[in-house]
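*Asks:* what's the 3D shape of this:
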Amino acid sequence: MSNYLLSKWYTRAIGVFFILVIFSLIPDYFHFGFRPETMHKIFHIILGVIVVRFGWSNKTWWKFFPLINGSFFTFAASFGFLFPDFGGLDAFNFTDTFLHTIVGLSGLAIGFRNIFSK
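*Replies:* So this is what the prediction gives:
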């Protein structure tokens, strides 16, 4: 698969999956009310909306988004592994740290492939 297609589908998949976080936000909010985890989920939803709105058909986004997003989420995953359950936030529990790792490392792999290939 070409770098172009990998970047395109990574960007689109991240945008869609992050928007789908709304389906966990709604029951979580009704069960627990507003808490720090609510902001974590809202962050993912807003990022997803931005990515879908501006990155769905934008070749410039496809080139840089995987590397930037991958760097951020690899950092978040590293933080989660170094400080598990930091502050009691769900964002740093094992499941979220594992998901951040997948998003981060796949983004870095695609991003570096874009940089170091022709």
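
*Asks:* which of the residues in stretch 80-89 are buried?
*Replies:* 80, 89 (16 or more other CB atoms under 10 Å). For every residue, glycine as well, the C-beta is placed using N, CA and C.

*Asks:* and Asp90, how far is that from Ile42?
*Replies:* According to CB to CB, to the nearest Å, Asp90 and Ile42 sit 13 Å apart.

*Asks:* Poorly predicted segments of this protein, please.
*Replies:* 118 (pLDDT under 70).

*Asks:* can you map out the strands along it?
*Replies:* Counting by DSSP state E, the chain has no strands at all.

*Asks:* Determine the number of other residues adjacent to Gly111.
*Replies:* 23 (other CB atoms under 10 Å).

*Asks:* for the nearest residue to it once chain neighbours are set aside, what are its contacts?
*Replies:* Using CB to CB, 6 or more residues apart in numbering and skipping the chain neighbours, the partner closest in space to Gly111 is Leu67 (2.7 Å). Contact partners of Leu67, counting by CB atoms under 8 Å, 6 or more residues apart in numbering, are 107-108, 110-112, 114-115.

*Asks:* What's the ChimeraX line that selects buried ones from these?
*Replies:* Buried subset of the contacts of Leu67, written as a ChimeraX selection, criterion 16+ other CB under 10 Å:
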select :107,108,110,111,114
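
*Asks:* now the contacts of Leu67 in a markdown table, with distance to Ile19?
*Replies:* Output for those, formatted as a markdown table (distance: CB to CB, whole Å):
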| residue | distance to Ile19 |
| --- | --- |
| Gly107 | 17 |
| Leu108 | 22 |
| Ile110 | 20 |
| Gly111 | 22 |
| Phe112 | 26 |
| Asn114 | 24 |
| Ile115 | 28 |
